[in-house]
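Asks: When you get a sec, could you give me coordinates for this:
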Amino acid sequence: MADLEVRVHEKRFGEAIILRELAFSARRGEFLALVGPSGVGKSTLLNLIGGLDTHFEGSIHWNGAPLYRRGQSPERLGMMFQEPRLMPWLSALDNIRLVLTDPATEGARARALLREVGLGHALDTWPNQLSGGMQRRVALARAFAVAPRLLLMDEPFVSLDMPTGNRLRESLLELWQRDRPLVLFVTHDLREALALADRVLFLSAPPARILLDYRVPMERPRHLEGSAIAALQEQLFARHPDLLSGALEPPDDSPP
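Replies: Numbering: from 1, shown residues only. All right, here's what the predicted structure looks like:
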């Protein structure tokens, strides 16, 4: 039985239909990447799952029960956005403690997480004294601070240089493999999706639905810049040349 069941019959913004008949399921411990054309509704879908937007037709369940109830946040949900969203008046450590139920007794976990992402030396540092990559590391530690069963990540490493992004991806995978939450990870970079995820969900052009639920046929560890990821991406494009445009038309010489 799946832990997460998502059934979005329709999501609108005014007259515009953003999502329609979009459905998938997943189990805790899986890592899913969401890929699709820009503006197709990937972030909107995360907002629905996270309970930040409740105005849609459909249902979202965890273990057969509603994941959230109107006006309440889902239990043990972690989120990481494109921007770090740190409180500028709080230190790195206090930004982690902010999300804890009992900061006094759970402070050791906050310190340990910052050490795990390489910021053990910066516990008392203010956000404006941290580089962009270091701020993302604080945000990553904060996302895992609640020991999430479900972690929603909306292009968390966008605009970072490759070495910084790779260090953060390594930290993410280490934390995920230890705690095993279900991860839903939005990205525009197919190589990133193939390097990180167990499954890649490709979304169609609007109104978006799941075009292809692709299980990555490679063992870990995988290297984003490696030849194996490049070859796998080429195989996907050879079979579905318009996949990233939101279409699933096979090439002319493909069997019916």
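
Asks: quick one: L46 and D154 touch, right?
Replies: Yes - counting by C-beta atoms under 8 Å, D154 is a contact partner of L46 at 5.5 Å. Every C-beta, even on glycine, is put in place using the N, C-alpha and C of the backbone.

Asks: hey, what's in contact with both of those two?
Replies: V186 (C-beta atoms under 8 Å, 6 or more residues apart in numbering).

Asks: neighbouring contacts of the helix or strand where R115 lies?
Replies: Assigned by DSSP states H and E, R115 falls within helix 103-116. With contact meaning C-beta under 8 Å, 6+ apart, helix 103-116 is reached by 92-93, 96-97, 100, 120, 122-123, 137-138, 141-142, 144-145, 171, 174-175.

Asks: Neighbour count says what about those residues? Which are buried?
Replies: By neighbour count, with 16 or more other C-beta atoms under 10 Å, the contacts of helix 103-116 hold 92-93, 96-97, 100, 122, 137-138, 141-142, 144-145, 171, 175 as buried.

Asks: quick check, nearest of these to E30?
Replies: Using C-beta to C-beta, L175 comes nearest to E30 of the buried ones among the contacts of helix 103-116, at 15.1 Å.

Asks: can you count the residues close to L160?
Replies: Per other C-beta atoms under 10 Å, the neighbour tally for L160 reads 16.

Asks: quick one: it from S38, how far?
Replies: Separation of L160 from S38 (C-beta to C-beta, to the nearest Å): 18 Å.

Asks: same thing with R85?
Replies: Taken as C-beta to C-beta, the span from R85 to S38 is 22 Å.

Asks: coming back round to it: got the buried residues for the helix holding R115?
Replies: Applying a neighbour-count criterion of 16+ other C-beta under 10 Å, one finds 103, 106, 109-111, 113-114, 116 buried in helix 103-116.

Asks: can I assume L93 sits in a helix?
Replies: Yes - counting by DSSP: H, G, I helix; E, B strand; the rest coil, L93 is located in a helix.

Asks: What does the pLDDT read for the spatially closest residue to it that is not a sequence neighbour?
Replies: Counting by C-beta to C-beta, 6 or more residues apart in numbering, L123 is the residue found nearest to L93 once chain neighbours are left out, at 4.3 Å. L123 carries a pLDDT score of 95 in this model.

Asks: Now do the same contact list for G41.
Replies: With contacts defined as C-beta under 8 Å, 6+ apart, G41 is in contact with 11, 18-19, 203, 206-208.

Asks: which of those has the most neighbours?
Replies: Most neighbours among the contacts of G41, by other C-beta under 10 Å: A208, with 27 neighbours.

Asks: Hmm, that residue is touching L34, no?
Replies: No - look at A208 against L34 with C-beta under 8 Å: they stay out of range, at 9.8 Å.

Asks: Find the residues that touch each one of those two.
Replies: Taking C-beta under 8 Å, 6+ apart as the contact rule, A208 and L34 both touch 42, 45.
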